[in-house]
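based on what follows, work out the 3D shape:
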Amino acid sequence: MKNNNPQPNEKTSELTVTTHLWKKGYKVIKKIGEGTFSEVVKTQSLKDGKFYACKTMKQTINSLEQANNLREVQAMKRLSPHANIIQLHELIFDKETGTVSLICELMEMNIYEFIQGRQTPLPDHTVKHYMYQLCKSLEHMHSCGIFHRDVKPENILIKQNVLKLGDFGSCRSVYSKPPHTEYISTRWYRAPECLLTDGYYSLKMDIWSAGCVFFEIMSLNPLFPGTNELDQVAKIHDVLGSPDQSLLQKFKQSRAMNFNFPLKKGTGISRLIPNCPAPALSLLYQMLAYDSDERITAETALRHTYFREIRMAEKKADTLHRVSGDHGCSWE
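Residues are numbered from 1 along each chain as shown. Model prediction:
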């Protein structure tokens, strides 16, 4: 039987993207990466010669209105401009092919690539600056009523000393009612409430993921590299211990499947990073609180002792150079 919807081979789709971008004034330089739902290329504007990252969606879009209503596009527009959020420069829609591309600012690399190439741990002040900026991006997102749902090293981009959060394809409104059922975050960075309930989670899941990233930036190794969901839970319990009965009850109320865990004490995080400064360890534990109600918020994290020097330096800079401009936002 003849297939009326042949899948475009890689060469054809690459040619489509190249043509689609050329028509809109962008030249493709090279492919940067590819995911399930999109592919990213480095492009150059034919107008001003500047370089950008271009993310082209794999799904076919029927109209410009539909393109503008994509959750990712809505989120980027609402969160912009912010020093720690990837900026959307332009949205390109090709009616003939139904192709949508997001032209975004280009960064040097993601945190995964940055860590992968390292043999020696990063100095504490570098870790601190990156984590402060990550918490700032989350504080801004959450105050705008959006949570990311896929915070991981690959989605955190850096350029020199600046860190920006990217890839808003999985984000949700904090006002959307659980259970959230569709695709959610990469397993290693998944919070207990995501693993142990049928979609009863909210913005605090981002804090857990950021805590996992924090550990990874310090140790250069993932904290909970589970091979499947069950192993993921076991790996969390190995380090943090199993939850107490009252917390388990809370989880059981929002889970169709039953679960019973062996009681575990947990080795603790400090054994895994013996040289971790006490304030860093304190913040890490608060970000990785098993119970999401006990977990620190991004706003409170920014006020933690660990970031004291950065806050002091910011205050000093603010006094010297008064910066005005308040970016309010809301997400219905």
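
give me the neighbour count for the closest residue to Asp167 other than its chain neighbours.
What sits nearest to Asp167 in space, not counting adjacent residues and going by Cβ to Cβ, 6 or more residues apart in numbering, is Asn155, at 4.3 Å. Just so you know, the C-beta spots here come from the backbone N, C-alpha and C atoms, and that holds for glycine as well. The number of residues packed near Asn155 is 25, by other Cβ atoms under 10 Å.

to which secondary structure element is Thr56 assigned?
In this structure, Thr56 sits in strand 51-57 according to DSSP states H and E.

list the strands paired with that strand, with their directions.
strand 38-45 (antiparallel), strand 99-105 (antiparallel) (DSSP bridges).

is it true that Asn25 touches Thr43?
To be clear, residue 25 is Gly; Asn isn't right here. No. Counting by Cβ atoms under 8 Å, Thr43 is not a contact partner of Gly25; they are 9.6 Å apart.

more crowded one of the two?
Thr43 (26 against 15).

check contacts around the more buried one.
Contacts for Thr43 were tallied using Cβ atoms under 8 Å, 6 or more residues apart in numbering; they are Leu21, Tyr26, Lys27, Val28, Ile29, Phe51, Tyr52, Ala53, Cys54, Ile103.

by neighbours, which of the residues you listed wins?
The residue in the contacts of Thr43 with the most neighbours, by other Cβ under 10 Å, is Cys54 (27 neighbours).

so for that one, what pLDDT did the model give?
pLDDT, Cys54: 97.

residues in contact with it?
Leu21, Tyr26, Val28, Val40, Val41, Lys42, Thr43, Ser101, Leu102, Ile103, Cys104 are the contacts of Cys54 under Cβ under 8 Å, 6+ apart.

Tyr112: which of these is nearest?
Checking the contacts of Cys54 against Tyr112 by Cβ to Cβ gives Val40 as the nearest, at 13.9 Å.

the closest one is in contact with Lys55, isn't it?
Yes. Look at Val40 against Lys55 with Cβ under 8 Å: they come within range, at 5.0 Å.

run through the stretch 101-250 of the chain and note the low-pLDDT ranges.
Residues of the stretch 101-250 of the chain that meet the criterion pLDDT under 70 lie in 181-185.

one more time with 90, if that's ok
Flagging of the stretch 101-250 of the chain using pLDDT under 90 yields the residue ranges 117, 119, 176-186, 195-200, 229-230, 243-250.

sorry, back to before: would a markdown table of the contacts of Thr43 with distance to Leu196 be doable?
Converted to a markdown table, these look like this (distance: Cβ to Cβ, whole Å):
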| residue | distance to Leu196 |
| --- | --- |
| Leu21 | 44 |
| Tyr26 | 45 |
| Lys27 | 48 |
| Val28 | 44 |
| Ile29 | 44 |
| Phe51 | 44 |
| Tyr52 | 41 |
| Ala53 | 36 |
| Cys54 | 38 |
| Ile103 | 40 |
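
closest one of those residues to Cys212?
Nearest to Cys212 among these is Ala53, at 24.5 Å by Cβ to Cβ.

would TSV of the strands paired with strand 51-57 with distance to Ala278 be doable?
Converted to TSV, these look like this (distance: least, Cβ to Cβ, whole Å):
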stretch	distance to Ala278
strand 38-45	39
strand 99-105	36
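
so of those strands, which one's packed in deepest?
strand 99-105 (a mean of 22; mean count of other Cβ atoms under 10 Å).

what's the following helix or strand after that one?
strand 109-110.

residues of stretch 118-133 that come out buried?
Leu122, Val127, Lys128, His129, Tyr130, Met131, Tyr132, Gln133 (16 or more other Cβ atoms under 10 Å).

next, Ala317: secondary structure please.
helix (DSSP: H, G, I helix; E, B strand; the rest coil).
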